[in-house]
Structure formats: C-alpha cells, structure tokens
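*Asks:* Generate coordinates for the sequence data below:
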Amino acid sequence: MQKVIEIIKYESESHKVDFKKTEYILGKDAKRNEILKDFSAFANHLSDDEKYIIIGIKENQDKTKTIFGVENPTDEAQYRQFINENIEPAINFEYHHLTFKGKTISFFRLYANCNRPYLFKKEMKNPINDKTEFKYGDGFIKVGTSTNKIGRKELDDIIQSKKKYINRKEDIDIIPNAGKPSSAEMDRWDVNYIDLKLINKSNRSIDLDVEIFIKKSDQYTIILEEHFLRKIKKVENSQKPKNYLSPINYSDTFVLGNLNINAKENQTEFIVQLNQLKNKFAINLKQNSACEDIFDQSIIVFGNKAEIIEAKVIIRSDDFTDGAFSKIISFKM
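*Replies:* Numbering: from 1, shown residues only. Down below sits the predicted model:
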C-alpha cells in the first residue's frame, strides 16, 4: 500500500504505471474490452518490473494528479474471470483498495509475468455495436506511455527475451553408477561404490550443486571412502577382526581429492553433498559433455545383501527457474 501511495505522489505514467479516472466497466458497456487491451500491453512489456494500474486518479498534462476516488469498487473475482476467459496465458495480478486523501483508490498490481506473449484467445466484439474489436491472437505492448499492437518485431523481441527464462532441467540427465572401486587402495576390499553420471545435452554450459539422499537399510552400510580407510587402519592397528567397523558420526566436512564432500545422516537417509570450493557452484558442466562419477567413487557400500539401493538426487542451479531439480533413482548392485 505504501508503495502505491509513493507512486501516486512521485511517479508519472510510464511502461509500468497508468492512472485511470474511473473503474473498468464490465458487462454491456462500450469500453468493456479496454481492460483486456491494457493488461495485455503491460504484461507484454519486456521489463520484469511490477506494473500498476491505479484507479480513481487522473494525471493532468502538467503531471499533477486529480483525485476522484472510486465508489463501490468491482469485486476482484469478476475482473479475474473476465481476463482469464479472454487472455492467454493467465496474467498474474492482484486487485486492492486503499484510502488516499479521504477517498477510496483501487489498483491492479501485475507481477511475475514472464510467459510472454499474452494474447487474445478469442474474438472480442464491442457489446454495444457488435463490431469486432480484437481478433484471436491479437496482442498489445507498452511503449513508454503508448499502447501499440504487437507485430513481427515485437514478437521477435519477446522470443529473444524469453531465453533467460528457459528452465534448463530438461538439459540434464542423471545416470546412477555402481561397481567396484577402481583405486588400488580400495580394490582389496569386498565393497562397492555408488555414484552419479551427469550429462549436459545442451549447447550451453551449466553450473550445478549436487546432493544425494540414500535410503538406509539393515541389508547394507554406507560410508565415505575416507572414513572407511581410516576405520580399516584403526582395526588393523588394534588387531581386531578386519570385518569390524564401528558406527560413524557424520558431522564434519571432508575434502576428498579435489571435491568438497559433506556427509551427514538421519534415521532413514545417508546424505552426501557436493559443495563448491573456489567457485560459486561445485560443477561446471560444459556444453554437450558428461561428468563421470561426480563423487569420485567416494560413497562406499559394504555388507550388501540388496539388489537395489534407492536414492533421491537434488541438483541446484541458477538456470533452474522454478527451483531445484529433484529425481528418484535406483542403483542396481
């Protein structure tokens, strides 16, 4: 509400602000379709700024404002139904009211409208003279304080701008790996490792952080290679049986080779995180490339009596526009 008051006091009409003396009228009125044109124009503007249509105020030629106020404001649900029925995709907006200088002011706030273009999804006729005002596929865009019809150039600009919103989760394949460790130090032990192969199928590199949640079972034990070797060394030095390994409390961060591995566990899961070192993200996956064994075969499984080990992988990246990428996988042992 305070932001709208500041707009009223200090801002003028632009690609993100419009002032209307009177409310948009729905029903049988010659200007009924005006709200559709305005919403399409604001939502299609390429900036990610919030846009405001403020009702009950007129901006004069000298940029001063006259306050008229709104009597009996229309219910938001009526506007929402009318707009959603006639514009696609759906436009994100809110409709609120506030008191300014003793009068009721209404305003629309349009926000997070990145799925451009927003176009008419059917023919719209004037309810008074029955003439076609807008055709299927028509759209508008704000250019300064003007409202222009979208043409080829505007569509090209919109398509170009959408590239930064492309969700790149489909660019990434996650392949579970399992087998005998390849290092000479681990080769003499009857253990397996589980790991991940990541594939970037796109023509653009991508930065990633990776976390895996491995389901616990009484049929096997999961341990980091570093801890396994430490425990084995202690067993050998203490002359205890070589199959004796005490429980491990994973509460620290360990650097294994060139990877920063953070391991922890709860009652049901063994959790391994691949975290960044010098860079913002742990992995830079080049275009059209694969990263084998991203945990460097450091997740060790022994006492294995299960054919399948289940896990959940979570990958984070600035290129995932709707949050982290989560996938359930299975390791065949």
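
*Asks:* Surely A43 is in a helix?
*Replies:* Yes: judged by DSSP: H, G, I helix; E, B strand; the rest coil, A43 forms part of a helix.

*Asks:* was I right about it contacting Y118?
*Replies:* Yes: A43 lies in contact with Y118 (C-beta atoms under 8 Å); the separation is 4.3 Å. C-beta: built from backbone N, CA, C; applies to glycine.

*Asks:* Quick check: neighbours shared by the two?
*Replies:* Counting by C-beta atoms under 8 Å, 6 or more residues apart in numbering, the residues touching both A43 and Y118 are 87, 91.

*Asks:* pLDDT averaged over the helix or strand where H227 lies - what is it?
*Replies:* Using DSSP states H and E, H227 maps to helix 225-238. Regarding helix 225-238, the rounded mean pLDDT is 78.

*Asks:* buried stuff in it?
*Replies:* Buried residues in helix 225-238, defined by neighbour count with 16 or more other C-beta atoms under 10 Å: 225-229, 231-232, 235.

*Asks:* go on, stretch 55-69?
*Replies:* Within stretch 55-69, the residues scored as buried using 16+ other C-beta under 10 Å are 55-57, 59, 65, 69.

*Asks:* Now tell me what touches that stretch from outside.
*Replies:* So stretch 55-69 is contacted by 8, 12-13, 19-24, 70, 73, 100-101, 103-108 (C-beta under 8 Å, 6+ apart).

*Asks:* Over to stretch 302-314?
*Replies:* Outside stretch 302-314, the residues that touch it by C-beta under 8 Å, 6+ apart are 174, 176, 178, 189-192, 194, 196, 210-215, 217, 219-221, 223, 228, 245, 301, 324-333.

*Asks:* hmm, which of these are the buried ones?
*Replies:* Looks like those have 174, 176, 178, 191-192, 194, 196, 210-215, 220-221, 223, 228, 245, 301, 325, 329, 331, 333 buried, using 16+ other C-beta under 10 Å.

*Asks:* A30: neighbour count?
*Replies:* Using other C-beta atoms under 10 Å, A30 has 12 other residues around it.

*Asks:* Please report phi then psi for it.
*Replies:* Phi and psi for A30, reported as degrees, to the nearest 10, are phi -60, psi -30.

*Asks:* Hmm, it is touching K131, no?
*Replies:* No: between A30 and K131 there is no contact under C-beta under 8 Å: 10.3 Å.

*Asks:* Can you point out the buried residues in stretch 46-55?
*Replies:* Using 16+ other C-beta under 10 Å as the test for burial, stretch 46-55 gives 50-55.

*Asks:* Could you tell me the end-to-end distance of that stretch?
*Replies:* End-to-end distance of stretch 46-55 (C-alpha to C-alpha, to the nearest Å): 23 Å.

*Asks:* Equivalent analysis for stretch 5-14, please.
*Replies:* Counting by C-alpha to C-alpha, you get 16 Å between the two ends of stretch 5-14.

*Asks:* In it, which residues are buried?
*Replies:* So stretch 5-14, judged by 16+ other C-beta under 10 Å, has buried residues 7-8, 11.
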